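# the following comprises the amino acid sequence and a computationally predicted model.
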Amino acid sequence: MYYQAGINTVFRRYNITVVVAFIVIILIAFSAASFRYFNQISQHKQQSLVELQQEAIQLNLMLEQSVQAVVGIQEFAEYILKHPNEINIPMPSLLQQEDMFYLNKPLHDVIKQGKRLSSNITGIGQVSQFGALKKQEIAMANALTPAFVAAQNILKEATWFYYISLDNFVNIYPWVDREIWQFSEKALDSQHNKSMRVLTAKDNRVIWSPPYLDAAGGGMNASLGTGVFHQDKLLGSVVIDLNLSRLHASLPELESDTQGFVLYNENNDVLLSKRLGKESLSYRASWQDLLPESLQGLTAKHLAKMGDTERLGDWFIEKQLLTANGWTLLKYQKYEDFSAPQYSDFIFVFSMLFIGLLAFLMLVNTMTKRTFIKPTTEFISHIEYCAVGDPGKVSPAADWLHWFQVVEDIFAQNRSLLLQLTEQNDVLDSRVIEKTKALQETSAKHQRDYALLRSVMNAIPELIVFNDPDGLLMGCNKAFERLANHSVEQMLGVNSANFMPTPLAEEIKVLNALNKNVYPQQALIKAGEFIYQGFCNEFTDEQGNILGTISIFQDVTLQQKTQSALEKAKDQAEYANRVKIQFLANMSHEVRTPINAMQGMMDLLTKTSLDTRQQHYLLNAQSASSTLLHLVDELLDLSKIEAGKMVVSQNAVNLPVIINKALKLNIANVDHQRVKIIVDMSADVPSNVISDEMRLVQVLANLFNNAIKFTEEGEIKLTIDVLSIDSTVAKLRFRV
């Protein structure tokens, strides 16, 4: 049964291979034909684009000639205006008729005398009132006639040439009798003329008009013109009218009614449209009137973004920009018609490749079955019979006889070896059972020991890290995992310093460099805001082989901070005590005794006969000595200094009185012949404030005292101004 399943599997795979080969043949044929098809389509697109480029070049050449003609006539006109004496062109004879004037020319018989090679000048105004500039301009306009004649012979698509003046006259060629057409002020109000009025002498250029219907019935026209300047003043413009129907005729004939040409300007005005069996445009049309229905949704924005070639749905569109004036030539056609020859070639090539490859596959399949599949089937059946101990049922072909015999010998040897292996297998099974039981017991013990060790390590708050001899992490406890914010599995095989805080990692690298291969190591590590007590030593196996290193880091930041704070507090207390003792000793002996003597002498003076002025001075001195004695008493109050109970009173005081007291304390020390004392109090400084009068007098008196000591000559000025003030609080500044 198993052999039969194997045979079925082999042949099923062979059949699958044949089917896969058939699919591959289809894919190869399709790929080759598709490659050829798309290559031909690409070449066809390039060829079609080249043809459109040639048409665009031809149109662009016509338009370039028109631009060159109008620029040449404009330059000639400006030259005549600039050098009137050099060319010496007389003003033509004009005929006045009411408000209009005309070129005075005799009647001309076109039949007998041929075409009149003259332009006609018509305008509005009184000839007798013309100034010199207008006469010169009319003479110049008349002198342009030969240039108009020459340009018309070159520009076959041009219909009208004219010079139109802003001073209400026009010179037009070919000749048009005034009964048929004459100058009107409306001519100056056209959109084209308005666009040329903004030109300047420095920014003069050729301007093209939108398409318009020819008044003479000649179809759609477009005009190009440029300004004529004299002494930087715009006098008029030279204009050429082009018949778009003649441009229409220059485009190639179309082969299908699904093809078409469209010429449009930068404002998306349609200038011409060529379709099979359709005449040139004789009216202003829009996209919707000209393009097929599925292309009528094209917008100016889409056209601007579109490349030279693009497929839109069932349509193939090509376009080319005309550099002469920015017009765009667009060609559209059905993509099905465009690619029809290439598609037919694709079908033919695909069919030929498919038929040829299929025939080759059938030939290979037939030969394979005859030379390989049938002998292989017999060989597999022979193997099946040998497996059940019944060889000789299948007669082999001559080429396969050797292999049939080899299979019979192999099966005979296998049966003998199988008996031997069965006996050996029983012995090995018993040994495996014994070894497995011993390994299980050893493994269970190791697991218990490892779990106990791991629990102890994780319970320790210090950071514990195991590294191999290369410095790569082998293990760690939970405390280090929390610090590194990684699990031990993520950190295995990586340098443990990579997972430490940067300050700690840098300090450890420095210590490793200093104490390389010296163990044990112990150091106090300062890492940024933290301090660690570090310990590192090697660990070995039972034979003494070094397996790696174990590092332990204990965070002693709090202990170190506490110790530093205690030492600092002790130093500060000792220093404050020394300062206090020295301060009290100095103040007791050097300040209080003189003050008491002064007060005693002043008390004696009060008992003598003094005039009013002397009594006033004595009163000031007594007040100052009382203030000083009060300050000394407070400085000597040791209990207040040690307890930090020095109180600043908040009472209503008069600022001028305080300043006066401070001055009186120092007035006796001033040499009034050499030093002047000036008090400058700003007008917005309030007189009455809430403050400690005694403290403020003390501060100001000290400032005055220091100023007097270091000022031998000149002036000492006390300035009081307001930094900020509101309804309840004023911030004052005292400057000496």
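Received the coordinates, thanks.
# any idea how far the closest residue to Phe183 other than its chain neighbours is from Arg197?
Nearest non-adjacent residue to Phe183, counting by C-beta to C-beta, 6 or more residues apart in numbering: Thr122, 4.3 Å away. In this view, the C-beta of every residue, glycine as well, is placed from N, C-alpha and C. As judged by C-beta to C-beta, to the nearest Å, Thr122 and Arg197 stand 21 Å apart.
# what ranges do the strands span in the stretch 201-350 of the chain?
207-208, 212-213, 220-230, 233-243, 260-264, 270-275, 309-312, 315-321, 328-334 (DSSP state E, counting those that start in this stretch).
# ok, the stretch 551-700 of the chain next?
Using DSSP E, counting those that start in this stretch, strands in the stretch 551-700 of the chain cover 651-654, 675-681, 688-691.
# for Glu64, find the nearest of those strands.
Nearest to Glu64 among those is strand 675-681 (86.7 Å), distances taken as C-beta to C-beta.
# is the residue nearest to Phe183 in a bridge, and if so with what?
Tyr102, Val170 (DSSP bridges).
# counting neighbours, what do you get for it?
21 (other C-beta atoms under 10 Å).
# could you export the strands of the stretch 201-350 of the chain as a markdown table, including mean neighbour count?
Shown next, in a markdown table, are the strands of the stretch 201-350 of the chain (neighbours: other C-beta atoms under 10 Å):
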| stretch | mean neighbour count |
| --- | --- |
| strand 207-208 | 22 |
| strand 212-213 | 16 |
| strand 220-230 | 23 |
| strand 233-243 | 23 |
| strand 260-264 | 21 |
| strand 270-275 | 22 |
| strand 309-312 | 14 |
| strand 315-321 | 20 |
| strand 328-334 | 21 |
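# just checking, the residue nearest to Phe183 touches Ser165?
No - assessed by C-beta atoms under 8 Å, Thr122 is found out of contact with Ser165, at 11.0 Å.
# now the phi/psi pair for the nearest residue to Lys134 once chain neighbours are set aside, please.
Distance criterion C-beta to C-beta, 6+ apart; nearest residue to Lys134, sequence neighbours excluded, is Asp167 at 5.5 Å. For Asp167, the backbone dihedrals (degrees, to the nearest 10) come out as phi -100, psi 30.
# and the gap between Asp167 and Phe404?
Where Phe404 is concerned, Asp167 sits at a distance of 120 Å (C-beta to C-beta).
# mind listing the helices for the stretch 101-250 of the chain?
110-113, 132-143, 145-154, 191-197, 244-250 (DSSP state H, counting those that start in this stretch).
# among those helices, which is nearest Thr557?
helix 191-197 (83.5 Å).
# let's see that closest one as CSV, backbone CA atoms only.
C-alpha atoms of helix 191-197 as CSV (Å, rounded to 0.1, in the frame of the first residue of the first chain):
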residue,chain,number,x,y,z
GLN,A,191,-8.4,94.3,-26.0
HIS,A,192,-5.2,93.8,-28.0
ASN,A,193,-4.5,97.5,-28.3
LYS,A,194,-5.2,98.0,-24.6
SER,A,195,-2.7,95.3,-23.7
MET,A,196,0.0,97.1,-25.9
ARG,A,197,-0.7,100.5,-24.2
